[in-house]
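S.K.: let me see the structure of the following:
(one chain, ligands or ions: 2)
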Amino acid sequence: MSARARTMLAAAWCCALARCASPASTPTPAREAGADVAPVDAISPTDTADAARAPGAFTGFITRGTGTVSAACGAAATCAPGAVAADRATTCGTLTEGGVTFPLPAPIAEGSPADNVYDTCTAGGDVPEVASRLVTRVIDADGEVVTGYLFADNYFELSVNGRYVARDSLGFTPFNTAAVRFQARYPMTIAVRLVDWEGYLGVGLESRGGAYHVGDGGFIATFSNGVATDATWRCRPEYIAPLDDAGCLGEDADGNVDSSRCPSTDATIRCLTNSPERNCLAAHAALPVDWAAPAYDASRWTAASLFDAARVTNDPAYTRYAATLFARGRFIWTRNLDLDNHIVCRVTVPRP
Ligand SMILES: [Ca+2]
Ligand SMILES: [Ca+2]
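M.R.: Ligands and ions are numbered 1, 2, ... in the order given. Okay, here's the model as predicted:
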């Protein structure tokens, strides 16, 4: 990796660690809208020398093994006494390799969490009165007031027109359904950071019955102005794990990374049976710092992939509202629902 590339990548992740995740506080770099972060050379812990890459090969960063758990995690919540306890603790951490520190599983915004329509952590499940107590987040005072409902497996952060609106109140589990209200003008850019959370930070794994398991993601949202998650959204992965070998990753000329050719099941990823906490690899692609900004041109990002609800979840946080709040939406993600653990998606809609 060249010194310039390392500096650029380090700056991007230092920004992430400084919790610049709120798009409102993300500085817009002095470059043309639509320009992508300059590609960086592929690097592996086992091969740190600059080397020629095959055309179409991944140009991001590869790490090996788990990171360090942080003392605090902004996406963790303390459930009420007597509530359904989370079966998976929400932890955050970092992994430093090659002079670059990566936030795990993603940088977490410091902004206020969204209210919930369904919450078994701090409420008894359904919260029917939530719509009446939503506070409108004013992005543009002359804009339209919009109410949205969001379900993420496992975590979302929402921004509209480049400004932070709300984040998921529960990082890992239990699953929850969020409600938001904001006021914003058209054209309206709705952008989400999405995380399939993990129990073993840095290798994209969780524990299922004591065994290592590759969890999957998924996100669905509908908004009162007619917007809903569908194939018109554009998505890009940032953190991909677990991997045996980064050679399965592809990357097109527009910087779209594709992990769909990589082994993606518990049975086919070899490192799961070979001390995964030490041996599984992860890929980290650089995101443009202004990825959520209205001026950023995401038209060349890969279109969101659609997934059947049955492939994503059977949790009541979704199924109780599948035919009502979420009837107009589809579950979206990048092309790999299993390995792509931290992704971003966005859509820009003209005046309806
Ligand atoms: Ca959640
Ligand atoms: Ca996963």
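S.K.: endpoint to endpoint, stretch 217-236 covers what distance?
M.R.: 14 Å (CA to CA, to the nearest Å).
S.K.: what are the buried residues along that stretch?
M.R.: Neighbour-count burial for stretch 217-236, counted by 16 or more other CB atoms under 10 Å, picks out 217-223, 225, 227-230, 233-236. The C-beta positions use only the backbone N, C-alpha and C, and glycine is treated the same way.
S.K.: max pairwise distance over the residues you listed: which two?
M.R.: Maximum pairwise distance in the buried residues of stretch 217-236, criterion CB to CB, is 25.3 Å, between Gly217 and Asn225.
S.K.: and the gap between the spatially closest residue to Trp291 that is not a sequence neighbour and Thr334?
M.R.: Of all residues not flanking Trp291 in the chain, Val344 sits nearest, at 5.6 Å (CB to CB, 6 or more residues apart in numbering). Look at Val344 and Thr334: by CB to CB, to the nearest Å, they are 9 Å apart.
S.K.: same question for Ala323.
M.R.: According to CB to CB, Ala323 stands 27 Å off from Thr334.
S.K.: go on, Gly209?
M.R.: 27 Å.
S.K.: next: Val138.
M.R.: Val138 is 31 Å from Thr334, by CB to CB.
S.K.: between these two, which has more neighbouring residues?
M.R.: Thr334 (29 against 13; other CB atoms under 10 Å).
S.K.: who's in contact with the residue of the stretch 1-150 of the chain found nearest ligand 1?
M.R.: With CB to the ion as the measure, Ala75 is the residue of the stretch 1-150 of the chain nearest to ligand 1, at 8.1 Å. The contact partners of Ala75, by CB atoms under 8 Å, 6 or more residues apart in numbering, come to Thr90, Cys92, Ile108, Tyr155, Arg167, Asp168, Leu170, Gly171, Phe172, Trp197.
S.K.: can you tell me which residues in the stretch 101-250 of the chain are near ligand 2?
M.R.: When proximity is defined as CB under 5 Å from the ion, the stretch 101-250 of the chain approaches ligand 2 at Asp196, Gly204, Gly215.
S.K.: including pLDDT and neighbour count, could these go into a markdown table?
M.R.: Formatted as a markdown table, these follow (pLDDT from 0 to 100; neighbours: other CB atoms under 10 Å):
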| residue | pLDDT | neighbour count |
| --- | --- | --- |
| Asp196 | 98 | 28 |
| Gly204 | 98 | 30 |
| Gly215 | 95 | 20 |
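S.K.: can I get these in a markdown table with distance to Leu272 and secondary structure?
M.R.: Formatted as a markdown table, those follow (distance: CB to CB, whole Å; DSSP: H, G, I helix; E, B strand; the rest coil):
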| residue | distance to Leu272 | secondary structure |
| --- | --- | --- |
| Asp196 | 16 | coil |
| Gly204 | 10 | coil |
| Gly215 | 13 | coil |
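S.K.: what's the closest of the residues you listed to Arg163?
M.R.: Asp196 (25.1 Å).
S.K.: now do the strands in the stretch 201-350 of the chain.
M.R.: Remark: strands assigned in the stretch 201-350 of the chain by DSSP state E, counting those that start in this stretch are 206-208, 211-213, 219-223, 234-243, 250-251, 257-258, 281-284, 302-303, 305-307, 331-333, 340-349.
S.K.: need these in CSV with distance to Asp315 and mean pLDDT, can you?
M.R.: CSV is the format used below for the strands of the stretch 201-350 of the chain (distance: least, CB to CB, whole Å; pLDDT from 0 to 100):
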stretch, distance to Asp315, mean pLDDT
strand 206-208, 15, 92
strand 211-213, 16, 96
strand 219-223, 12, 98
strand 234-243, 22, 98
strand 250-251, 32, 97
strand 257-258, 28, 98
strand 281-284, 26, 98
strand 302-303, 26, 98
strand 305-307, 15, 98
strand 331-333, 12, 98
strand 340-349, 18, 98
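S.K.: among these, which is nearest Arg181?
M.R.: Of the strands of the stretch 201-350 of the chain, the one closest to Arg181 (CB to CB) turns out to be strand 219-223, at 10.0 Å.
S.K.: so what touches that closest one?
M.R.: With CB under 8 Å, 6+ apart, strand 219-223 has contacts from 146-153, 156, 190, 192, 194, 228-229, 309, 312, 318, 325-333, 345.
S.K.: among the residues you listed, which are located in helices?
M.R.: Ala309, Val312, Tyr318 (DSSP state H).
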